[in-house]
Every structure is written in structure tokens, then in C-alpha cells.
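Asker: What follows is a predicted structure for the sequence shown.
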There are 2 protein chains.
Amino acid sequence: MSANASKITAAPMVYVRGEEMTAYVMDLIRAKWIEPRVDTTAWREFDLRAKNRDDTEDQVLRDVIEAGKAVKAIFKEPTVTPTADQVKRLGLRKSWGSPNGAMRRGWNGITISRDTIHIDGVELGYKKPVFFERHAVGGEYAAGYKNVGKGTLVTTFTPSEGPDAGKPVEVDSRTITDNEAAVVTYHNPYDNVHELARFFFGRCLEAKITPYVVTKKTVFKWQEPFWQIMKKVFDEEYKSKFVDAGVMKSGDELVHLLSDAATMKLVQWRQGGFGMAAHNYDGDVLTDELAQIHKSPGFITSNLVGVDENGTLIKEFEASHGTVADMDEARLRGEETSLNPLGMVEGLIGAMNHAADVHNVDKERTLAFTAKMRAVIHQLFREGKGTRDLSGPSGLTTEQFVDAVAERL
Amino acid sequence: MSANASKITAAPMVYVRGEEMTAYVMDLIRAKWIEPRVDTTAWREFDLRAKNRDDTEDQVLRDVIEAGKAVKAIFKEPTVTPTADQVKRLGLRKSWGSPNGAMRRGWNGITISRDTIHIDGVELGYKKPVFFERHAVGGEYAAGYKNVGKGTLVTTFTPSEGPDAGKPVEVDSRTITDNEAAVVTYHNPYDNVHELARFFFGRCLEAKITPYVVTKKTVFKWQEPFWQIMKKVFDEEYKSKFVDAGVMKSGDELVHLLSDAATMKLVQWRQGGFGMAAHNYDGDVLTDELAQIHKSPGFITSNLVGVDENGTLIKEFEASHGTVADMDEARLRGEETSLNPLGMVEGLIGAMNHAADVHNVDKERTLAFTAKMRAVIHQLFREGKGTRDLSGPSGLTTEQFVDAVAERL
């Protein structure tokens, strides 16, 4: 960087600090890659380490949610959900749970996008990109349940609108004949599937990849609306565009895949170049399969996409992996480590680009900087000067890799 | 076979006939491999083709269930669940659904075992066997559901036994705020998980492979009993045996895997030599992933295991694949086909062996014959004289392969 080039102005963004190895690496990256070139005074920082959640009685998480609503672009480092052992060791009042639920609710989450990350010239799992949308709400995550013995279970729905408002109707009635059983009730809200569809098909169209909708609707018949809404949005708003873009042939229809068949396609379709959208739990399971086939969760994004009341997308970006505690312990023992930061850096790039876009602040220079950051990383991996997960035992250490990128930026 | 050797006496067994390509191949196999060497007069045959289910108003399925209860050993060819188009073309009264549910209920199904099939000297997917138990009951397959709009949903359980018998307790109450939503209620019965555990651990112990229990219990907390029952049976009845057999070290504990992590382990653990037991839907999804990694559903078994009131196991064996309709159409057009019958033959071997065992009829000679049948098939594949899925374009046709095996039997 020439001495007289002014710094890039970072747009307002929420930066959520985590802990352990990943926090250590992001500190290095910020100090050596970002701060010398980017004025980050508009970033709003929050400390979401377990200790601070405990000290603030989780006010910090509520602050993150409020700030995210206002700023629309969020980057989050991996955080720890403390085990019973950690609760004791850190002197916490309780085990502060995953912040994911609060973030999904607070930002009106539509989808968790999990896409393959690619390095030009380096083969991981899939040759071309794979996009995945996991519906961010619904399913068994918010189920009501009870472990019971013999008895009867009755589920009743009472509409609050329409001609039958106030009239209860029985959804299900069953006799439990086992001495030990679990009873479960949940619901899938489908209103935001229209937005999920537009987000998904828009992304697939732009990348020229073929979209698929995944459900178990032939057996789980209540899932039919998920497919119907996706299909309606596709036919009315996207079909002709996919044909014009040459992704589909005239006469081709949007394809539905059963969830069990989708597990097989993820194994078969190593050439990539496709997208899948699925319900919440199916998405949870399928994206982990996807991550492993694409080498590891280090090469998959994890972006929560919500929407505010004006229709502006709120996007939260994070790595798919955790805090890499083992490596942190090795580091603290003074051993050499070699953490590949690409998953986190892709998250940071996504958040910085989205922030620049939403707030229209120094957009061109921001995009150029983040693109260069990615290009330099790819180039080092191509040269065998990457971290050891890809470049083998002769690869660089955590610190050497950060320095090598910094040198070329 | 020398002219004066008497035929093997097949033990009583239910033989369920299906249709299309797989029925054609099984007819050849029975005529050329089985009938010349085995007296099958004790087999009870049922025609479960869609046309016959229609003609008998599904009495044939009820007969299959009753016969299976009596005989305990069932082999089933792939059958067709007619599409709307087939219903019309075949002149059926309706689309007769999958017989699976009726069989699971009728035979008190505990598990659907789906194991990798291996060919000595030929590499498929996993190097050593992988066993999978899919809990045969529970989950969303028998859910009550309704597609609804705004309103309230209440689920109530009333125990029929114990101190609170007759007193309703609320399981769940929720407000639906979407214009379009699905509400779902189901239950998991856990009483037969004890038997599932014994069956699973017994098989793993015999094969000397490491068992894993798969659930999503950290989030879906009602699944805890599945794990607890498996763990209790393991600790009390199997742990020391696994240590004695050298499969586990003293101090090792039974390992639980989260369902999403299990999708990753199936990709990673290509060396095989492990078993997994899971809930119904998780098992559905995970076993299809397993099948695809192990080359195709042609190399995975599908055995329904139930239990009668005396504790005798009822076992139904079938191939994991369907009727291979495409190949049947090619055959009917006079084209050459090359169907690998191994999946079905493994099913037939399983059923014949179980029948001989349960009824104690000509057991030694039956086991020797089925072992030889398997060995001859493996030998042909090793010599490159298998079907074309494994032996390539120079492999044998459907009919040539059946003849080649027959010649060596």
C-alpha cells in the first residue's frame, strides 16, 4: 500500500467476538490484514464470550440482536457453549446456550445459507459450487414434547380467523400403548417461504446453477406447501429467466427431490453446480453431509439471512466450524499450530461486502479489497504455501500464513 | 450335482412375488439355481403384484401377514406402488400403497436392518461391513397433521395408569401466526428398543464391529430414552462381552453420535467396521446415504425384523432397490440387459437360512448351499465375469450371469 493512499472506509457492521483459537486468529487477521488498510471505526463490536454473557446476564446478546437489526450486516466469530465442566472452571452462573435461536427470531430468519467454498486451482470435494438453503424456522427445534406412559394424546386446533374462527377441530387423537414413549408437537410456518424462494432462486440464477427443492412430502404430506410455494414463485418469477440464462431448457420444470434421495445425490453429484432448499431439520442433516463431502466444515459457509420490516435483508455471516479448542490448547502449550482461516475470512468478506452494499459506503474499494484478500489466499494455497490441512506438513503455521497474506495485500 | 444326491429340503418360508425386471430375474434364478437342488414345496407363495392386490381387494397382503406370523421367515421380491398412470393403464380400482406399514405392524417390527453387502476381492464403498438398525416404528410416518392458518394449537395427554390416571396434562400450547402453516403431532414408542438393542449389539458383537447410537437428543430432548435404553442394555448385557472379544478396551464406553455428525462419519469412515442404530426417520435418511457411498442400493440389505409373542424373531428379507422398471422396458423391447441380482440373492439367502434355523429343517445342507451360491457369485465377479455394473461393458448379460452361476453350483 502506498503511504499516501487513504484507508478504505468500512461501512457500519456488527462484529461479534468469540473465543479460543478462532478469536486468536481473527485478532491477527484484523491487526495485519484489515486495520492497516481499512478504517473500521464504524464497526460495532460485541464480546459474546461465555464470561461476558455471564457478567451481563446475557444483555450482550440482546444488544447484538438490536444492533444487528439496525445495521443489517453482522460478522460473528465462533463462540463457546460452555459444558458443565467449563461452567465450573470459568465460574459461570449457568451454561449460556447457543445464541442461534435468539438471532433467528430477532432478525426474522428465513434461511441459513450453507455454500461450498472453493479455492481456484485446488480441488476440495465438489468441482463447482453447491448452494444450500436451510429454512431457518419450524420443525422439531421448537417442538413441545413430553415423555409419557400409557394414555391418550389429543391435539386440537382452533382457528382465530375465517368462517370457523373459534371452533376447535381435532388434528390428531391417539392412544399410547407403550410403557415408555415420547409425544411431540411442532409446527412449520410457511409464510416466509416466498422470500426464501426468491433468495434461493435469485442466487442460483446469478451463479447459473440448477435449483432443487428437497422435502419428504410423499410421506410427510403436510410439507406440500413448502414445495407448492417454491414452485409457484419459480414458475411465475424465475422460470423464464433460467431458460434465458441457459441454465434450463424450455419445457424443463423445477425438480423436487425426496430428502432420502437428496443424501444420495450429494454423494453422486461431485461435479457440483446445483442448489438445494430444504426444511430446517433436513437442512441441518444434509448440510453436514455436504460439508464432509466437500472435505470439511472449514469449506462451507454459514450465513443466517433474515429480513427487516422494510424488506431489507439482514445477513449474519460466520464460519461453519467451532472455536477449534484442541488447537487452542496446543497453542497455549507453546506448540506450533496451522489453522486454515478461510471459512472465517469468507464470512468476514460476506459481511463487509453486504455492509458496504446496504449502507452504500465506499463500496467499490471495499469489494476490491475483499476480492484481493480472497485472491491472495487462493494464490498461496496454489503455491503450496497454505496451511497444513491443504498444503501438507510443509505448509505454513497459523502465524506464518497470516504474515504471508499480509505481505502480498 | 451327482444324479443320486437327494434334494435339500427347504424349510417353510413365505415367498412374496413382485413384478417387472426383478421378478423376471428371480424366476430365472429359481428355475436354474434353486429348483434343481432344493425341494421348495414347503414355501408358501403369494402374488403381491398390483393387479392381484386389486383383484383380491388386498386380501393377498393380509394373507402374507398371517402366513409370515406363522412361518417367521419371509422373502419378498420388489413390488410396484402404482402411479396414477399405472392405475389407469392396469385398470386398477386404486393405487395400492406400499405394503411396508402393514408388514411392520403385522409382524411387530422392531428394526429395519440395512447392512453393506460385500464381494470378496472386489472393492465397493466401505472396506469392512457396516450395520445399520433403523427403528421400525415411531416418528413422523404415523403423524397426525393439518395444514392451517392463524389460530391456537393445544396438545393434551391423559395418562390411563398411575396416580394421575384420567388427569389431562398440557403437552404443548402454541399460537400460529402465519397465514399458512403445518401442525404435526406424533409419538415414538420406546418399549421395543430393548429388543432392538439386543438384536443390534448381538450382531455387532458377532461381527466384531463397534456399535454407535445415533439421535438428535441434545436438541430433540424427548429422544433421550432411546439412548438411555440402548446404553442400559449395553452396559448390563454386552459391555464385558465386547471387551472380551477385543472390540472395545476395558474402560471404553458406548458412543453416542448426533444425527448430523453421523452423516459426516458415514463419509469419513470408509474403512467400515462399525454399526449405527437410529430412530425411524434418521435411519431412513442415513441408510440411503450409506447405500450411495457403498456404490448403490444394490449393495445394501433391507431386512425387517419383528418378534412374535413367544419372542421368536420374524424376519422379512428384501432387496433395497425397486423393480428396475427401466431395464424391464429395455428387455421387453428385446434389448440386452445386465441386472446384478446380488441384493435379491442376499435377501433369499437370509430368508432360507432363517427359515432353516427357526424350523430346524435340513439346516446344515441349506447353509452349505446358500454359502456356495454366494461364493460362486463372488468368484465370477472377481474373475470379471459379473454383471456390467461391476465388470464393465465386457460383463455378462442378465441371462448369461444366471447361467454362469448355475453351471458352477
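Answerer: Arrived safely. Numbering: from 1, shown residues only, chains lettered A, B, ... in the order given.

Asker: Could you pull out the buried residues of stretch A:42-59?
Answerer: Judged by neighbour count using 16 or more other Cβ atoms under 10 Å in any protein chain shown, the buried positions of stretch A:42-59 are A:Trp43, A:Arg44, A:Phe46, A:Asp47, A:Leu48, A:Arg49, A:Ala50, A:Asn52, A:Arg53, A:Asp54, A:Asp58. C-beta here means a position set from N, CA and C on the backbone, and glycine is covered the same way.

Asker: So what touches that stretch?
Answerer: In this structure, residues lying in contact with stretch A:42-59 by Cβ atoms under 8 Å, 6 or more residues apart in numbering or on different chains are A:9-19, A:23, A:60-61, A:63-64, A:67, A:71, A:76-77, A:79-82, A:86, A:90, A:92-94, A:96, A:99, A:361.

Asker: where do the helices sit along the stretch 151-300 of chain A?
Answerer: A:193-207, A:224-233, A:239-244, A:259-268, A:280-293 (DSSP state H, counting those that start in this stretch).

Asker: hmm, which two among the buried residues of stretch A:42-59 are most spread apart?
Answerer: The two members of those with the most space between them (Cβ to Cβ) are A:Trp43 and A:Asp54, at 24.1 Å.

Asker: quick one: average pLDDT of stretch A:56-68?
Answerer: Averaging pLDDT along stretch A:56-68 gives 97.

Asker: Which of the buried residues of stretch A:42-59 fall within strands?
Answerer: A:Trp43, A:Arg44, A:Phe46, A:Asp47 (DSSP state E).

Asker: can you redo those residues as a markdown table with pLDDT?
Answerer: As requested, these are exported to a markdown table (pLDDT from 0 to 100):
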| residue | pLDDT |
| --- | --- |
| A:Trp43 | 98 |
| A:Arg44 | 98 |
| A:Phe46 | 98 |
| A:Asp47 | 97 |
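
Asker: domains for chain A, by residue range?
Answerer: If you go by the TED database, the domain ranges for chain A are A:1-124+A:295-408, A:146-184, A:202-294.

Asker: Just the terminal-to-terminal distance for the shortest one.
Answerer: With Cα to Cα, to the nearest Å applied, domain A:146-184 spans 7 Å between its terminal residues.

Asker: The closest residue to chain B within the stretch 1-150 of chain A - nearest residue in space that isn't next to it in sequence?
Answerer: Nearest to chain B, among the residues of the stretch 1-150 of chain A, is A:Gly144, at 2.3 Å (Cβ to the nearest Cβ). Closest residue in space to A:Gly144, ignoring its immediate chain neighbours: B:Asp172 at 2.3 Å, by Cβ to Cβ, 6 or more residues apart in numbering or on different chains.

Asker: what about that neighbour, how many residues close to it?
Answerer: Using other Cβ atoms under 10 Å in any protein chain shown, B:Asp172 is surrounded by 22 other residues.

Asker: Residue numbers of the stretch 1-150 of chain A in contact with chain B?
Answerer: A:Glu140, A:Tyr141, A:Ala143, A:Gly144, A:Tyr145, A:Lys146, A:Asn147, A:Val148, A:Gly149, A:Lys150 (Cβ under 8 Å from any Cβ of the partner chain).

Asker: Wait, the fourth one touches B:Val184, no?
Answerer: Put plainly, it is A:Gly144. No. Using Cβ atoms under 8 Å, A:Gly144 is not in contact with B:Val184; the gap is 10.9 Å.

Asker: So, low pLDDT: which residues of chain A?
Answerer: Along chain A, the model assigns pLDDT under 70 to residues A:1-5.

Asker: residue nearest the centroid of it?
Answerer: A:Ser302 (2.1 Å; Cα atoms, centre = their mean).

Asker: Okay, and the beta partners of it?
Answerer: A:Ser302 has the following beta-bridge partners by DSSP bridges: A:Glu318.

Asker: With B:Leu367 as the reference, measure out to it.
Answerer: 52 Å (Cβ to Cβ, to the nearest Å).

Asker: Just read off the phi/psi values of A:Val38.
Answerer: Main-chain dihedrals, A:Val38, degrees, to the nearest 10: phi -130, psi 130.

Asker: Contact partners for it?
Answerer: For A:Val38, counting by Cβ under 8 Å, 6+ apart, the contacting residues are A:Lys7, A:Ile8, A:Thr9, A:Ala10, A:Thr366, A:Phe369.

Asker: one more time with 10 Å, if that's ok
Answerer: A:Lys7, A:Ile8, A:Thr9, A:Ala10, A:Arg30, A:Met352, A:Asp362, A:Arg365, A:Thr366, A:Phe369, A:Thr370 (Cβ atoms under 10 Å, 6 or more residues apart in numbering or on different chains).

Asker: Just the buried ones among these, please.
Answerer: For the contacts of A:Val38, buried by 16+ other Cβ under 10 Å: A:Ile8, A:Ala10, A:Arg30, A:Met352, A:Asp362, A:Arg365, A:Thr366, A:Phe369, A:Thr370.

Asker: That's all I had, so thanks and see you.
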